[in-house]
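Enquirer: Okay, sequence plus prediction incoming.
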Amino acid sequence: MKKLRVMMLVHPEMEPLEHLTDPKDPEYLKRETEIDVRRALLKLGHELEVVCVDDEINPIRDVISKWKPDIAFNLLEDFAGDGALDFYIVSYLHMAGIPFTGCNPRGMMLARDKALSKKILHFHRIKVPEFQIFPYGKKIKSAKLKSLPYPMIVKSNIEQGSVGISQASYVTNDKDLIHRVEQLHAMTLGDAIAEQYIDGRELYVGVMGNKQLEVLPVRELIFDQHSSQEQRIATYNVKWNDRYREKIGFKYSFANDIGKRIESNIKKMSRRIYRKLLLSGYARLDFRMDSQGEVYVLEANPNAAITHDDDLALSAKKAGYDYPKFITRLLQLGLKAA
């Protein structure tokens, strides 16, 4: 593709500082996605302007006015520290006429709200776990606790990346559920959702595209065979702490032995989910498959993690996209969506 002027949007604490070169440095690890993307963009020969965004859009507006970028590479996950506002930035880019990588604002809003996205998918007869929403700031009514299908997993309704998910998120009775909901309310200052725990295999499916969709090879979080049911969840530590994951015997891998029919059904379901939630650009969809082969959607994650060794990038690599080619594809999709 032609060389572009790329405005790379990052959080200030995630700025890909040039002096960070040691992959073992905690500061490097914290900013690994931004460092990987920056390197790839420069290797591809694009002009690059890194823009740090916190609680003001002025830095974006100034760069648009003075530098006139061809596209924004969006790596923001919140605005002013609020994850529910991440789609405001892409809404502004859309109004300013600047193409951007990743999902459109409407798709981001629908997928960000786990309860809303589950309602939409359930309406379209796509299997989701049973769930109950617990609004922040409201007293938990006993009527909401009737006939809940324990065990349940309690998590934030809008936070991504397994934020707020720990072993305490697995609850088996009303008392523990109320306690965990109250903890999450205090931690996130937002709504909590309790969803039915599906015992089985945890699968991740990457999808790229706008109208024409490409479903990538299926990844899996493989649990240690000796782990208990309550341990077999993707907690924050499991997702982001390599040493912890190795210690408990969990690992990420490509899904094997799921059978061609089930794999075909999962990929077909992934396309439907992507379209029903109005997603674009790229996303990772999380599933659970029980022992009978029934597949349930846990959530959709637009603008999922794209570090070189994250599930999405590894699936893209298996599909024929090395990392620079993967980044190029995301740029192409952003330009086509404009």
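Expert: Yep, that arrived.

Enquirer: show me the contacts for residue 295.
Expert: Counting by CB atoms under 8 Å, 6 or more residues apart in numbering, residue 295 makes contact with 127, 203, 262, 265, 266, 269, 287, 288, 289. Heads up, the C-betas are built off the backbone N, CA and C, glycines and all.

Enquirer: How about the fourth one: what's its closest non-neighbour residue?
Expert: If the residues on either side of it in the chain are set aside, residue 265 comes closest to residue 295, at 6.8 Å by CB to CB, 6 or more residues apart in numbering.

Enquirer: Residue 18 versus the one you found, what's the distance?
Expert: 44 Å (CB to CB, to the nearest Å).

Enquirer: now the helices for the stretch 1-150 of the chain?
Expert: With helices called from DSSP state H, counting those that start in this stretch, the stretch 1-150 of the chain shows them at 26-30, 32-43, 58-67, 86-96, 105-112, 114-123.

Enquirer: which strands and helices sit next to the first one?
Expert: When you say that, I think you mean helix 26-30. Under the contact definition 3 or more CB pairs under 8 Å, 6 or more residues apart in numbering; DSSP states H and E, helix 26-30 sits against no other helix or strand.

Enquirer: And the third one, by the same measure?
Expert: In this structure, helix 58-67 makes packing contacts with strand 5-10, strand 47-52, helix 86-96, judged by 3+ CB pairs under 8 Å, 6+ apart.

Enquirer: Kindly report the domain assignment for the protein.
Expert: Domain ranges of the chain: 5-101, 130-196, 199-320, per automatic domain parsing.

Enquirer: can you put those domains in JSON lines and add mean pLDDT and distance to residue 330?
Expert: Converted to JSON lines, those look like this (pLDDT from 0 to 100; distance: least, CB to CB, whole Å):
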{"stretch": "domain 5-101", "mean pLDDT": "95", "distance to residue 330": "5"}
{"stretch": "domain 130-196", "mean pLDDT": "92", "distance to residue 330": "18"}
{"stretch": "domain 199-320", "mean pLDDT": "95", "distance to residue 330": "6"}
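
Enquirer: Turn those into CSV, columns for distance to residue 337.
Expert: Output for those, formatted as CSV (distance: least, CB to CB, whole Å):
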stretch, distance to residue 337
domain 5-101, 7
domain 130-196, 21
domain 199-320, 5
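
Enquirer: And those: which comes nearest residue 121?
Expert: Among the domains of the chain, the nearest to residue 121 by CB to CB is domain 199-320 (5.8 Å).

Enquirer: picking that back up, need the winner for burial among the helices and strands packed on helix 58-67.
Expert: Most buried of the helices and strands packed on helix 58-67 by mean neighbour count (mean count of other CB atoms under 10 Å) is strand 5-10; its value is a mean of 22.

Enquirer: Could I have the CA atoms of that one written out in CSV?
Expert: Only the C-alpha atoms of strand 5-10 are listed here, as CSV (Å, rounded to 0.1, in the frame of the first residue of the first chain):
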residue,chain,number,x,y,z
ARG,A,5,0.6,9.7,7.5
VAL,A,6,-0.5,7.8,10.5
MET,A,7,-1.7,9.5,13.7
MET,A,8,-1.2,6.8,16.4
LEU,A,9,-3.6,7.4,19.4
VAL,A,10,-2.3,6.1,22.7
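
Enquirer: just checking, which of the helices of the stretch 1-150 of the chain sits deepest inside the structure?
Expert: When these are compared using mean count of other CB under 10 Å, helix 105-112 is most buried, at a mean of 22.

Enquirer: how about that one as PDB, C-alpha atoms only?
Expert: What follows is helix 105-112, C-alpha atoms only, in PDB (Å, rounded to 0.1, in the frame of the first residue of the first chain):
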ATOM      1  CA  PRO A 105     -18.600   3.900  17.300                       C
ATOM      2  CA  ARG A 106     -21.900   2.100  17.200                       C
ATOM      3  CA  GLY A 107     -20.400  -1.400  17.200                       C
ATOM      4  CA  MET A 108     -18.100  -0.400  20.100                       C
ATOM      5  CA  MET A 109     -21.000   0.900  22.100                       C
ATOM      6  CA  LEU A 110     -23.100  -2.300  21.600                       C
ATOM      7  CA  ALA A 111     -20.300  -4.700  22.300                       C
ATOM      8  CA  ARG A 112     -18.900  -2.800  25.300                       C
END
